[in-house]
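1. Sequence first, then the predicted structure, then my questions.
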There are 2 protein chains.
Amino acid sequence: MNLTPSPFAPDHFPALPPVKGVRAATGSRGFYAKRGLTRDDVFLFVFDKGTHAGGVFTRSATASADVLWCREALTRGNGRASALVVNSGNSNAFTGARGVLKNDATLAAMTAALGASREACFLAATGVIGEPLADPNYVGSIMPELTARLDAPDWEACARAFMTTDTFAKGAGTQREIGRTRINVSGITKGSGMIAPNMATMLAYMFTDAAIAPELLQTLTARIAEASFNAITVDSDTSTSDSFMIFATGASGAPLITSEADPHFKTVEEALLRVALNLAHQIVKDGEGAQKFISIRVRSATDDRSAKRVAAAIANSPLVKTALAAGDANWGRIVMAVGKAMEPVNAGQLAIWFGDHQVAEHGGRAEDYDETIASAVCAGREIDITVDLAVGHGEAVVYTCDLTHAYIDINGAYRT
Amino acid sequence: MNLTPSPFAPDHFPALPPVKGVRAATGSRGFYAKRGLTRDDVFLFVFDKGTHAGGVFTRSATASADVLWCREALTRGNGRASALVVNSGNSNAFTGARGVLKNDATLAAMTAALGASREACFLAATGVIGEPLADPNYVGSIMPELTARLDAPDWEACARAFMTTDTFAKGAGTQREIGRTRINVSGITKGSGMIAPNMATMLAYMFTDAAIAPELLQTLTARIAEASFNAITVDSDTSTSDSFMIFATGASGAPLITSEADPHFKTVEEALLRVALNLAHQIVKDGEGAQKFISIRVRSATDDRSAKRVAAAIANSPLVKTALAAGDANWGRIVMAVGKAMEPVNAGQLAIWFGDHQVAEHGGRAEDYDETIASAVCAGREIDITVDLAVGHGEAVVYTCDLTHAYIDINGAYRT
């Protein structure tokens, strides 16, 4: 399938800072060669001793074998991390007993090639669901080759190796000073779709050479996920493989951060959140068929959770998304979506803004409503919508894209 | 906007039995004349003394003024029903204080013209949300004209009067014998969309001359809604105006049914459910852009509620709906949708059928999976999908349609 690049695709992959204590290599298992494409489809990251990881995974009841392993490994190994292997082409989800065999074979090859302990090795896969695996060792067999090529990460090559129907490679990074020490944060992510399209899987990995204690790192990973990767939606569908991990090597030499009271904690948290949010936005901007980037801010809710539920109901509404795709300032559909969330709202004081223009107030159309202004906002490439529920102080932002014909084309294309 | 008729549109409106104790009239307030269309846009039903009503309404937190009134009236009047007025063209939702004025004016006109008590008069409206009303008496002013024309219902004329983007008029009816007395059940409904498209609103009204005690009628209405109108989904969006009411006149002369233990209760329930299910299916078959009718049966869930949640997650998944639109037997997306419902499931024993063909078993692709057979099922106009969660005895069926380009065309068309 020939995918039209997203209108948000950047001219070139951004320059990401190197992260001390992280090496990587990419390679090909030929998943895409079958389809006439020359590209890598697997990457290996290896971390210096002392690296810890935090992880957040899909809540799906049919999570992939890889996700189940990562959860178990994080617990058993107390967050110690030595390596990460990710392949595209087959999701290893719903592959029954063979899925576990594939993980066993991959982990055996990783421990043999790297001398790492099993529970410090992490896995993920993205691709067709339920496609049986011919050779359980299909990833493991490339491990010696990848190990021999380990070097400072070529971030773009890694980002390309796990793309599926992504139309551009996604990366983001930043640097901060902790005392006199520079710390680096780099991350890569992939979003919705596949060459043999099947479903949207979101994978995101971030790497920093800051030193963060394992328990704090897990807390931080979960909190950052909530404001970034868990605040985006393309089509409301949840993958069996969604994974977000942060690896902290500590190799910058910066002092270990062990609690939120640490004077450097806020600096690190802000840097990580900034990169995570950047990556999350890139996923939305490359959402299947996306032509517009939509930010939905809900405020004055009973609490932040309630605000997020209302924002998600708006962001997931096909009627809202098709209207915005057409540039229609159809704010009545926002009212509908607020209602269907069934969260507390003072309907008689509900207020809505498209950009800076108030379209609804006091439970009705705004006195100064101007269709021309509202339409101009909706004609834009990036649309900000604000909704005030008038019941409390909760607030949340959810990011989404519009629903276009291309979404149907991409997802209606036959798998084979 | 020119709407292509649904492929499920019948050749002609079905013959519905007359219901004793029910009179009706239709008329025009000119909502559609502005758009160059000659058609009725309001109907009035008037019921003989002794009629009771049950009602189920949208759970939206931004419910329309009409819905709020119907709920209040049912409670205050203990289910007594004298009349029902419904208009298309403007939903009277999110119209603030003027929405209440419109109801007051309409109710005043109804009580004056019919000599009915206020709380026995029911209202609904479907159309653009948040469009301010110029004249609060816009429905009330036609009441004398409608009252003068009351006669045995022309079901098709009534069904046409509240269509919005429906591509065919929807009605269903049936008859039963209770002892020596024939009872009649007729119903009409409207589904998704508008001429000035804004949102899907579902309205359904059923009428019977059976005699049913008011409390029992309310219980029955709720139970029937659960298995019919609350078991369908076109796009997961919830209207501010959804209403389903059953009016029972008792004019057949059949004995009053006061409890579920009554020997005739099952007969009446079955007849009402049959008509409700028929009407609900017609809404799905005329879903915006629908080309296929999809039944999703989930069984072996922990309980019926859990089964329904899983079935709804499948039915609402854009990835499932786009695959089926393309005739793609993409059962991996069913696995994904089962997972995202986050209900109890034995993933290692999960089984899926497309029609009679088993595509998944023991948490993986079925041994005898045949892509040709699965594709043939998905190429059909009506698709049955069965999912076995392998955890209990709960069961539910949810009905939906596919997601096609026409959905985006209809809902992206500008309101004005």
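-> That came through fine.

2. so where is the stretch 151-300 of chain A shaky, pLDDT-wise?
-> Low-confidence segments of the stretch 151-300 of chain A (pLDDT under 70): A:192-201, A:234-240.

3. give me the beta-bridge partners of the closest residue to A:Gly96 other than its chain neighbours?
-> Leaving out its chain neighbours, the residue that sits closest to A:Gly96 by CB to CB, 6 or more residues apart in numbering or on different chains is B:Gly364, at 3.1 Å. For the C-beta atoms, the positions are set from N, CA and C on the backbone; glycine is no exception. Beta-bridge partners for B:Gly364, by DSSP bridges, are B:Glu361.

4. B:Gly364 against A:Leu133, yeah?
-> No: contact criterion CB atoms under 8 Å: B:Gly364 and A:Leu133 do not qualify, at 10.2 Å.

5. which bits of the stretch 251-400 of chain A sit near chain B?
-> Proximity of the stretch 251-400 of chain A to chain B, by CB under 8 Å from any CB of the partner chain, involves residues A:316-319, A:322-323, A:325-326, A:328, A:330-333, A:335-345, A:347-348, A:350, A:360, A:362-365, A:371.

6. Which among these count as buried?
-> With burial judged by 16 or more other CB atoms under 10 Å in any protein chain shown, the buried subset of these is A:316-319, A:322-323, A:325-326, A:328, A:330-333, A:335-341, A:343-345, A:347, A:350, A:360, A:363-365.

7. Looking at those residues, which are in helices?
-> A:316, A:318-319, A:322-323, A:325, A:332-333, A:335-340 (DSSP state H).

8. want to try JSON lines for these, with pLDDT as columns?
-> Output for these, formatted as JSON lines (pLDDT from 0 to 100):
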{"residue": "A:Asn316", "pLDDT": "86"}
{"residue": "A:Pro318", "pLDDT": "83"}
{"residue": "A:Leu319", "pLDDT": "83"}
{"residue": "A:Thr322", "pLDDT": "88"}
{"residue": "A:Ala323", "pLDDT": "89"}
{"residue": "A:Ala325", "pLDDT": "90"}
{"residue": "A:Gly332", "pLDDT": "86"}
{"residue": "A:Arg333", "pLDDT": "87"}
{"residue": "A:Val335", "pLDDT": "90"}
{"residue": "A:Met336", "pLDDT": "85"}
{"residue": "A:Ala337", "pLDDT": "87"}
{"residue": "A:Val338", "pLDDT": "91"}
{"residue": "A:Gly339", "pLDDT": "85"}
{"residue": "A:Lys340", "pLDDT": "80"}
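
9. Identify the farthest-apart pair in those.
-> Distance extremes for those: the farthest pair is A:Ala325 and A:Gly339 at 21.7 Å, using CB to CB.

10. Which parts of the stretch 151-300 of chain A are strands?
-> Secondary structure of the stretch 151-300 of chain A, counting by DSSP state E, counting those that start in this stretch: strands at A:170-178, A:181-190, A:203-208, A:232-233, A:243-248, A:293-301.

11. what about the shortest one, near chain B?
-> Translated: strand A:232-233. No: residues of strand A:232-233 are not located near chain B by CB under 8 Å from any CB, the shortest gap being 10.8 Å.

12. Relative to the whole chain's centre, how far out is that strand?
-> How far strand A:232-233 lies from its chain's middle: 9 Å, per CA atoms, centre = their mean, to the nearest Å.

13. Make sure A:Val46 is actually in contact with A:Ala24.
-> Yes: counting by CB under 8 Å, A:Ala24 is a contact partner of A:Val46 at 7.2 Å.

14. got any residues that touch both of those two?
-> Common neighbours of A:Val46 and A:Ala24, using CB atoms under 8 Å, 6 or more residues apart in numbering or on different chains, are A:Leu150.

15. nearest residue to A:Thr386 other than its sequence neighbours?
-> Leaving aside its sequence neighbours, A:Thr386 sits nearest to A:Trp353 (CB to CB, 6+ apart; 4.3 Å).

16. Identify the residues contacting the closest residue in space to A:Thr249 that isn't next to it in sequence.
-> Nearest residue to A:Thr249, sequence neighbours excluded (CB to CB, 6+ apart): A:Gly21, at 2.9 Å. Shown in contact with A:Gly21 (CB under 8 Å, 6+ apart): A:Phe47, A:Asp48, A:Gly50, A:Thr51, A:Asp209, A:Thr249, A:Gly250, A:Ala251, A:Ser252.

17. Count the neighbours of the third one for me.
-> As a burial measure, the neighbour count of A:Gly50 was computed by other CB atoms under 10 Å in any protein chain shown and equals 14.

18. so which helix or strand takes in the residue nearest to A:Pro136 when sequence neighbours are not counted?
-> Nearest residue to A:Pro136, sequence neighbours excluded (CB to CB, 6+ apart): A:Leu101, at 4.0 Å. Here A:Leu101 sits within helix A:96-114, counting by DSSP states H and E.

19. quick one: average pLDDT of that helix?
-> For helix A:96-114, mean pLDDT is 89.

20. Relative to the whole chain's centre, how far out is that helix?
-> The answer for helix A:96-114 is 25 Å, by CA atoms, centre = their mean.

21. hmm, who's touching it?
-> The contact list for helix A:96-114, computed with CB under 8 Å, 6+ apart, reads A:46, A:64-66, A:69, A:82-83, A:85, A:92-93, A:95, A:116-118, A:121, A:123, A:132-133, A:136-141, A:143-144, A:146-147, B:348, B:362-364.

22. Among the residues you listed, name the ones in strands.
-> If you go by DSSP state E, the contacts of helix A:96-114 have A:Val46, A:Ala83, A:Val85, A:Cys121, A:Leu123, B:Gly364 in strands.

23. Same list (these) but as CSV, adding pLDDT and distance to A:Glu177.
-> Below are those laid out as CSV (pLDDT from 0 to 100; distance: CB to CB, whole Å):
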residue, pLDDT, distance to A:Glu177
A:Val46, 96, 27
A:Ala83, 96, 29
A:Val85, 96, 33
A:Cys121, 97, 33
A:Leu123, 94, 34
B:Gly364, 86, 51
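
24. Report the two members of those separated by the largest distance.
-> Between all members of those, the farthest pair (by CB to CB) comes out as A:Val46 and B:Gly364, at 31.8 Å.

25. neighbours around A:Gly36, how many?
-> The number of residues packed near A:Gly36 is 6, by other CB under 10 Å.

26. Look up how far A:Gly30 lies from it.
-> Using CB to CB, to the nearest Å, A:Gly36 is found at 11 Å from A:Gly30.

27. for A:Ile352, same thing?
-> 52 Å.

28. swap in A:Pro18?
-> Distance from A:Pro18 to A:Gly30, counting by CB to CB: 30 Å.

29. cool, A:Asp209 as well?
-> A:Asp209 sits 34 Å away from A:Gly30, going by CB to CB.

30. Between these two, which has more neighbouring residues?
-> A count of neighbours by other CB under 10 Å puts A:Asp209 above the other of A:Asp209 and A:Gly30, at 26 against 11.

31. so who does the more buried one touch?
-> Taking CB under 8 Å, 6+ apart, we find A:Asp209 in contact with A:Val19, A:Lys20, A:Gly21, A:Val22, A:Ile183, A:Asn184, A:Ala248, A:Thr249, A:Gly250, A:Ala251, A:Ser252, A:Ala254.
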